[in-house]
Structure formats: C-alpha cells, structure tokens
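S.K.: return a 3D structure for these sequence lines:
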Amino acid sequence: MGFHTEHVYKPIAEFGAKKVVLIYSKDDEEYTSEEDFKKIDVALNKAKELCNMLGIDCEEVEVKGMEFEKNVEIFRELMQNENNRIIVNITGGRKITSFALLYASLYEFQKIDKIVYVHNKRIVEFPKIAHPYNLTKFERKILSSLNEGEKTITDLAKEFNVSLPAIVKYINSLEQKKLVKTHKIGRKRIVNII
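M.R.: Residues are numbered from 1 along each chain as shown. Reported below is the predicted structural model:
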C-alpha cells in the first residue's frame with residue numbers, strides 16, 4: 001500500500017479474491033510528514049472498505065520499509081501459511097518493500113500463482129521463477145556474517161553456537177551454490193564470500 005488504492009482494485013476485479021493482505025509501512029524518516037501518514041491511513045481504509053463491500057477477508061500487515069531481510073522473512077511466512085493460490089501485487093508503497101515482496105515470492109514460487117504489477121490500469125504479469133539459490137534462513141545468516149570478512153569454520157560454529165559438522169554441512173552447501181569459497185591454512189579452513 002502507498003497513498004492510493006487504484007492498484008488494489010484491478011487485480012481483485014481481474015482474478016477475484018477470498019482474502020487480501022494489505023502491507024504498508026509508516027517509517028518515520030526525515031522526508032515523511034504527518035500528511036503522508038494520513039494518506040496511508042486513508043488508502044488503507046478505502047482498501048478495507050472495498051474488501052468489506054465485496055465480502056473479502058482483509059488483513060493488515062505493518063512492516064518497517066527499510067528492513068529488507070526481515071520483510072522477506074515476514075512475507076515468506078505469510079505465504080507459507082496460506083492454503084489458497086496466491087497472487088502477489090508488487091505495485092504500491094515503497095520500492096524496497098515491493099522488492100522484498102518480490103524476493104519472498106521467488107523463494108516461495110511453488111505457492112505463488114501470479115506476480116503482478118498494475119501500470120495505467122493494466123496488469124503486467126511477471127514470470128514466475130524459482131529463486132536461483134533457495135537459501136535457508138541459516139545460510140543467509142552465514143552469508144551476512146561473512147560480509148564482515150573471512151572467518152574460519154570454527155569461528156562460524158562458535159558465532160552461531162552449532163557443532164562443527166553442522167556448520168561444515170552449511171558451508172559445503174553454500175560452496176556448491178558458488179556463494180562462498182574455502183581454503184586451508186594449516187589445520188584451519190577459511191571461508192570467504194565469492
């Protein structure tokens with residue numbers, strides 16, 4: 001959701017809906033004003049009124065727009081909990097939130113029916129593809145840690161409080177996906193992001 005709801009109407013009219021999840025953020029940035037927050041509230045109320053009028057369940061999810069990784073996980077969990085086909089509309093709101101929604105859709109591609117963007121009252125459908133790496137949450141944590149610099153297998157095991165065989169399994173998986181490389185110095189196995 002952003003400041004208006006036009007992009008919400010078109011996919012509901014085109015594809016129908018049993019439930020609508022309205023995702024929005026009200027991040028307090030130096031460029032946002034009280035007027036901006038009021039516009040978001042007005043748009044949310046209009047979208048809820050539309051859903052109510054059509055007899056569609058409506059859920060609101062507030063996120064922090066700039067928390068990309070966290071939002072990807074929130075959106076993935078929302079998708080995982082749905083048993084019906086999912087149509088993802090990445091049109092409104094902040095671009096970074098839309099990108100997080102797109103990423104979540106790529107991870108959960110088997111649950112997604114369509115990914116759409118509304119442009120000039122026309123629906124543009126994105127190709128539904130699988131995320132090329134399909135990383136686990138723990139693998140993403142390892143990559144995030146390695147962004148700080150190279151670490152040994154032992155360092156990573158201690159950092160995440162897991163056994164050496166467990167961390168080796170994850171590192172081997174990341175290495176097969178060509179996201180990290182390892183080399184030995186003496187008895188230590190050093191891990192770097194590629």
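S.K.: where do the helices of the protein begin and end?
M.R.: In the chain, the segments counted as helices under DSSP state H are 6-15, 34-54, 68-80, 95-107, 137-146, 153-160, 164-176.
S.K.: could you list the alpha-carbon positions for stretch 182-193 in CSV?
M.R.: The C-alpha trace of stretch 182-193 is given here as CSV (Å, rounded to 0.1, in the frame of the first residue of the first chain):
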residue,chain,number,x,y,z
THR,A,182,37.1,-22.1,1.3
HIS,A,183,40.8,-22.7,1.5
LYS,A,184,43.0,-24.2,4.2
ILE,A,185,45.8,-22.6,6.1
GLY,A,186,47.4,-25.3,8.2
ARG,A,187,44.6,-27.0,10.0
LYS,A,188,42.2,-24.1,9.6
ARG,A,189,39.5,-23.9,6.9
ILE,A,190,38.9,-20.3,5.9
VAL,A,191,35.6,-19.2,4.4
ASN,A,192,35.1,-16.2,2.1
ILE,A,193,32.2,-14.8,0.2
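S.K.: and the helices of the chain, which is most packed in?
M.R.: The highest average neighbour count among the helices of the chain, using mean count of other C-beta atoms under 10 Å, belongs to helix 95-107 at a mean of 19. Yep, even glycine has a C-beta here, placed from its N, CA and C like the rest.
S.K.: quick one on the thing from earlier: out of the helices of the chain, nearest to Lys128?
M.R.: Across the helices of the chain, Lys128 has its closest neighbour in helix 95-107 (7.9 Å, C-beta to C-beta).
S.K.: turn the helices of the chain into a markdown table, including mean pLDDT and distance to Val88.
M.R.: As requested, the helices of the chain are arranged in a markdown table below (pLDDT from 0 to 100; distance: least, C-beta to C-beta, whole Å):
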| stretch | mean pLDDT | distance to Val88 |
| --- | --- | --- |
| helix 6-15 | 87 | 9 |
| helix 34-54 | 91 | 16 |
| helix 68-80 | 93 | 8 |
| helix 95-107 | 91 | 5 |
| helix 137-146 | 87 | 20 |
| helix 153-160 | 94 | 31 |
| helix 164-176 | 92 | 27 |
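S.K.: domain parsing for this structure?
M.R.: 6-126, 137-193 (automatic domain parsing).
S.K.: Throw the helices of the chain into CSV and include distance to Ile129, thanks.
M.R.: Formatted as CSV, the helices of the chain follow (distance: least, C-beta to C-beta, whole Å):
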stretch, distance to Ile129
helix 6-15, 20
helix 34-54, 28
helix 68-80, 15
helix 95-107, 7
helix 137-146, 19
helix 153-160, 30
helix 164-176, 20
